[in-house]
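Peer 1: Show me the folded form of this:
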Amino acid sequence: MSERSGFKRRVDDWWRWTEALQDVPELDCLVGKERKPVEVALVLKSSANQEDFSEVVDVLRRKRFKVTEEEEGSRRCLLEITLDGLEEAAESASLRKRNSRGAVEPYKTADFKPNGLSIRYLTSPEEELTLIRYALFNIKPAPQPVSDKLKDWRENESLIHYLRRIDVVEAFFPMHDLHEATQIMSTLTWKNPIPTFSTICKVQRYFGDYDAVYYAFLTFYVNWLVFLACGGLVFGVSSLLFPLRYRALCVCAYSAYAYIWASRLLDIWQRKNSEMTYLWHHCLPNDALVQVQFSKAEINERPATDMSRRSQKQAKLMEFASWCSLALYLIGSCFALHYSLELANVVAEFVEDTPSIESLLSFKDREELIHMGFVFAKSQGLLQVPTIVYIAALNILEVGYNALAKAVTNFESHELTREHENVLFLRQMLYKLLCKNVSYFYLAFYKGDFEELLKALLLINVLEMVTTVLKQIFVQWLYRYKLHIRASREGQMKKHESQTLANKSPILEEMELSEAAAADVLDYSRISSQFGQLVLFAAALPFGAVGAFIGNYFQVYTELFTAFRTRRRNFPRRALSIGSVQYSFIVVCMASMAVNLGLILFTSKLGDHVIGDEIDSVQEFLVIIMVEHVLLVTQYVLSSRAKALPKWIEAEALTEKFVEEYSTAVGRGYADCCGPDAQDS
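Peer 2: Alright, predicted model coming up:
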């Protein structure tokens with residue numbers, strides 16, 4: 001494919017995010033200068049004695065790790081895996097690589113060793129970190145211990161699990177590669193904060209699939225917000241300029257447009273996800289065989305001794321009981337939030353006879369004016385009580401729900417960390433989609449107050465936009481402030497001859513960075529909540545997408561900046577898709593039709609200006625069914641016309657299948673498998 005140049009390339013990258021994926025080089029066939037080995041820091045607490053630390057170091061060295069101690073007695077060391085250890089881990093973890101015959105299959109040393117290539121030519125940094133983590137969590141005690149140290153190390157317990165069980169691990173994390181991080185961040189600036197696909201590929205090689213898929217999805221989501229924001233501006237401005245009947249038509253048209261936009265976003269993301277997965281792993285996201293191979297290298301952070309053994313029937317019953325308990329909590333939370341909103345009616349009865357501001361200005365007597373002013377201030381304070389109670393109840397119930405969701409999910413004892421996090425996220429999103437939107441549904445369908453709903457949505461949208469922008473500015477300012485403080489401190493240290501910059505420990509430098517798991521940092525919940533508001537209440541707030549786009553424009557740059565500069569590096573994790581996040585988007589998309597039609601026909605009564613106010617409730621119901629079917633048919637036609645896989649992937653998949661069959665035949669010694677006799681047989 002010829003290179004695109006100039007304006008067309010920038011437009012393609014911005015509007016469609018369709019950088020020529022075929023032009024990206026093979027990520028697992030990089031033959032050239034051997035890269036620098038990655039390092040992992042292991043720091044034990046001061047409660048661990050030096051003899052136990054020395055024994056841990058000896059165990060690691062016997063298991064083909066190169067251990068570099070920083071200072072004697074510091075209990076800090078850097079770990080590197082040797083080439084033999086890396087090859088052994090790659091073969092044990094079934095790392096997918098392209099062999100000398102061109103087939104992609106699980107790594108086998110015998111297929112690559114004769115070519116004279118070091119395994120570091122063929123693996124990326126994230127793959128090496130994955131293999132290091134796999135090797136470390138598979139270090140088990142020897143049947144006959146060589147020393148009396150580490151006596152409490154249990155059978156079939158990994159070394160890391162043992163050290164964590166006795167609570168002596170202070171830090172365990174991969175070290176940042178400052179050169180590589182600087183190169184990646186140099187592609188992003190405040191003027192150009194949206195990463196291209198090439199940058200996403202570099203992030204994948206550095207942080208792994210789990211983080212890269214999130215940044216790719218966030219980039220795709222921000223780019224697609226442009227279409228919704230432009231549509232919101234067009235329909236919103238038109239509804240303000242034209243008469244009421246045309247305003248109603250604009251609101252109806254924008255609601256349908258938002259539904260089609262949401263459904264197309266999901267369809268095209270699946271296509272992009274397939275492209276990414278095929279480029280990174282030569283497979284598709286729904287490839288069951290590859291998922292099984294990936295699960296071999298996945299490590300459960302929870303030790304096996306903490307997970308109870310259950311039969312399949314017991315696991316199903318436990319899962320059903322968990323969902324029932326969470327459903328009861330959600331129902332109770334909705335009722336509690338409903339009564340907290342009803343508190344506004346009770347307070348309104350007490351302040352019904354309070355004077356207005358105009359009446360206060362008419363008082364001439366000073367004492368009476370002070371008295372009535374006090375009554376007015378008291379009444380205004382009472383009017384804010386329901387809002388305070390509602391916000392407090394919402395947050396308290398959310399804390400309780402999250403604790404319950406984590407408890408029942410932990411009790412289910414999922415074997416894979418990926419399954420555990422997907423289930424937990426789906427359960428947490430249920431609360432955000434149901435309970436956090438209770439106030440909007442209350443205003444829309446219980447009170448039927450469209451104006452109040454519009455004010456509430458506008459306030460939340462503006463606050464979220466301002467908060468997001470200020471947070472992005474604060475992250476940059478805080479980083480530069482810390483750099484200034486650090487430079488001042490190092491300047492003072494240079495004045496003393498006994499302390500120089502060269503003696504600064506790299507491990508201690510990175511231990512000063514914040515520590516957070518990837519599942520806690522990647523903000524899928526914020527994106528899902530925002531997507532729900534934009535699509536569910538599109539009829540009430542056409543301008544909401546504009547604020548969402550402004551707030552998210554620098555979000556990818558800010559989050560990557562935080563990951564590279566202010567946070568420790570996490571171990572990479574495999575991920576072929578965004579997981580259960582996509583299910584929450586599908587549920588929101590399906591529910592948006594009914595919610596927006598209800599807002600148009602029942603809450604705002606704008607539908608009366610389109611279909612007339614002479615029809616009864618039965619005819620309105622028939623109109624809703626007709627409109628829903630029209631939208632469903634439109635969405636089906638658009639989805640069926642767009643292929644799930646690009647043509648180049650289909651062609652590559654056929655080539656891969658042929659090469660795999662040929663490679664298998666050659667491996668068995670049948671070099672003439674492509675001849676006519678072999679085909680007939």
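
Peer 1: give the contact list for Val346.
Peer 2: Shown in contact with Val346 (CB atoms under 8 Å, 6 or more residues apart in numbering): no residues. Where C-beta positions appear, they are placed from N, C-alpha and C, glycine not excepted.

Peer 1: tell me the mean pLDDT over the helix or strand where it lies?
Peer 2: Val346 is part of helix 312-350, with elements assigned from DSSP states H and E. Throughout helix 312-350, pLDDT has a mean value of 79.

Peer 1: From the chain's centroid, how far away is it?
Peer 2: The chain centroid and the centroid of helix 312-350 are separated by 26 Å under CA atoms, centre = their mean, to the nearest Å.

Peer 1: Flag every buried residue along that helix.
Peer 2: By neighbour count on 16 or more other CB atoms under 10 Å, the buried set for helix 312-350 is 318, 322, 326, 329-330, 333-334, 336-337, 340-341, 343, 347.

Peer 1: now do stretch 129-138
Peer 2: Neighbour counts over stretch 129-138 (16+ other CB under 10 Å) mark 129-137 as buried.

Peer 1: got the contact list for Asn437?
Peer 2: Contacts of Asn437 by CB under 8 Å, 6+ apart are 532-533, 536.

Peer 1: Any chance of CSV for these, columns pLDDT and distance to Glu55?
Peer 2: Putting the contacts of Asn437 into CSV (pLDDT from 0 to 100; distance: CB to CB, whole Å) gives the following:
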residue, pLDDT, distance to Glu55
Gly532, 87, 53
Gln533, 87, 56
Leu536, 89, 59
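
Peer 1: List the ones among the residues you listed that fall in helices.
Peer 2: Among the contacts of Asn437, the ones falling in helices (DSSP state H) are 532-533, 536.

Peer 1: From what I see, Val59 and Ser158 are in contact.
Peer 2: No: between Val59 and Ser158 there is no contact under CB atoms under 8 Å: 11.2 Å.

Peer 1: Can you check which residues contact both of the two?
Peer 2: Contact criterion CB under 8 Å, 6+ apart; residues shared by Val59 and Ser158: Ile139.

Peer 1: could you dump the buried residues of stretch 129-138 to a markdown table with secondary structure and distance to Gly232?
Peer 2: Shown next, in a markdown table, are these (DSSP: H, G, I helix; E, B strand; the rest coil; distance: CB to CB, whole Å):
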| residue | secondary structure | distance to Gly232 |
| --- | --- | --- |
| Leu129 | helix | 43 |
| Thr130 | helix | 42 |
| Leu131 | helix | 48 |
| Ile132 | helix | 48 |
| Arg133 | helix | 45 |
| Tyr134 | helix | 48 |
| Ala135 | helix | 52 |
| Leu136 | helix | 50 |
| Phe137 | coil | 49 |
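
Peer 1: I'd like these laid out as a markdown table, including pLDDT and distance to Pro37.
Peer 2: Formatted as a markdown table, the buried residues of stretch 129-138 follow (pLDDT from 0 to 100; distance: CB to CB, whole Å):
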| residue | pLDDT | distance to Pro37 |
| --- | --- | --- |
| Leu129 | 90 | 10 |
| Thr130 | 88 | 14 |
| Leu131 | 89 | 12 |
| Ile132 | 90 | 10 |
| Arg133 | 90 | 15 |
| Tyr134 | 89 | 16 |
| Ala135 | 89 | 13 |
| Leu136 | 89 | 15 |
| Phe137 | 88 | 19 |
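
Peer 1: now for those, which pair is the farthest apart?
Peer 2: Spanning the widest gap among the buried residues of stretch 129-138 are Leu129 and Phe137, at 12.6 Å by CB to CB.

Peer 1: So, low pLDDT: which residues of the stretch 251-400 of the chain?
Peer 2: Along the stretch 251-400 of the chain, the model assigns pLDDT under 70 to residues 288-289, 291-312, 347-384.

Peer 1: just the helices in it please.
Peer 2: In the stretch 251-400 of the chain, helices defined by DSSP state H, counting those that start in this stretch lie at 288-297, 312-350, 357-361, 366-412, listed in chain order.

Peer 1: just the stretch 1-150 of the chain next, same as before
Peer 2: Going by DSSP H, counting those that start in this stretch, the stretch 1-150 of the chain shows helices at 6-11, 50-62, 83-92, 109-112, 119-122, 125-136.

Peer 1: from those helices, which stretch is densest packed?
Peer 2: Sort the helices of the stretch 1-150 of the chain by mean neighbour count, taking mean count of other CB atoms under 10 Å, and helix 125-136 sits at the top with a mean of 24.

Peer 1: what comes into contact with the next helix or strand along the chain from that helix?
Peer 2: Next along the chain after helix 125-136, taking DSSP H and E as the criterion, comes helix 159-165. By CB under 8 Å, 6+ apart, the list of residues contacting helix 159-165 from outside reads 44, 56, 59-60, 136-137, 139-140, 150, 152-154, 157, 169, 172, 303.

Peer 1: wait, which of the residues you listed is closest to Gly544?
Peer 2: Phe172 (43.0 Å).

Peer 1: how deep is that closest one tucked in, by neighbour count?
Peer 2: The local packing of Phe172 (other CB atoms under 10 Å) involves 17 other residues.

Peer 1: residue ranges with poor pLDDT in the stretch 451-600 of the chain?
Peer 2: 484, 486-504, 518-520.

Peer 1: The stretch 101-250 of the chain now?
Peer 2: Scanning the stretch 101-250 of the chain for pLDDT under 70 picks out the ranges 101-102, 112-117, 143-149.

Peer 1: hmm, try it at 80
Peer 2: 101-106, 108-122, 142-152, 239-249 (pLDDT under 80).

Peer 1: if we can go back for a sec, list buried residues within the ones in helices among the contacts of Asn437.
Peer 2: Buried by 16+ other CB under 10 Å: 532-533, 536, out of these.

Peer 1: from these, which single one is nearest Pro285?
Peer 2: Closest approach to Pro285 among those (CB to CB): Gly532, at 23.6 Å.

Peer 1: where's the nearest residue in space to the closest one that is not next to it in sequence, which helix or strand?
Peer 2: Leaving aside its sequence neighbours, Gly532 sits nearest to Val588 (CB to CB, 6 or more residues apart in numbering; 4.7 Å). Per DSSP H and E: Val588 is located in helix 581-598.

Peer 1: Show me what that helix is packed up against.
Peer 2: Here helix 581-598 touches helix 244-281, helix 417-434, helix 524-536, helix 617-641, going by 3 or more CB pairs under 8 Å, 6 or more residues apart in numbering; DSSP states H and E.

Peer 1: got those helices as JSON lines, with distance to Leu95 columns?
Peer 2: As requested, the helices and strands packed on helix 581-598 are arranged in JSON lines below (distance: least, CB to CB, whole Å):
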{"stretch": "helix 244-281", "distance to Leu95": "10"}
{"stretch": "helix 417-434", "distance to Leu95": "17"}
{"stretch": "helix 524-536", "distance to Leu95": "27"}
{"stretch": "helix 617-641", "distance to Leu95": "35"}
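
Peer 1: Which pLDDT value does the model give Val633?
Peer 2: pLDDT, read off for Val633, is 76.

Peer 1: Could you check how many residues crowd around it?
Peer 2: Neighbourhood size, Val633 [other CB under 10 Å]: 10.

Peer 1: Likewise for Arg205?
Peer 2: 19.

Peer 1: what's the answer for the one 4 residues further on, then?
Peer 2: Other residues within reach of Asp209, judged by other CB under 10 Å, total 22.
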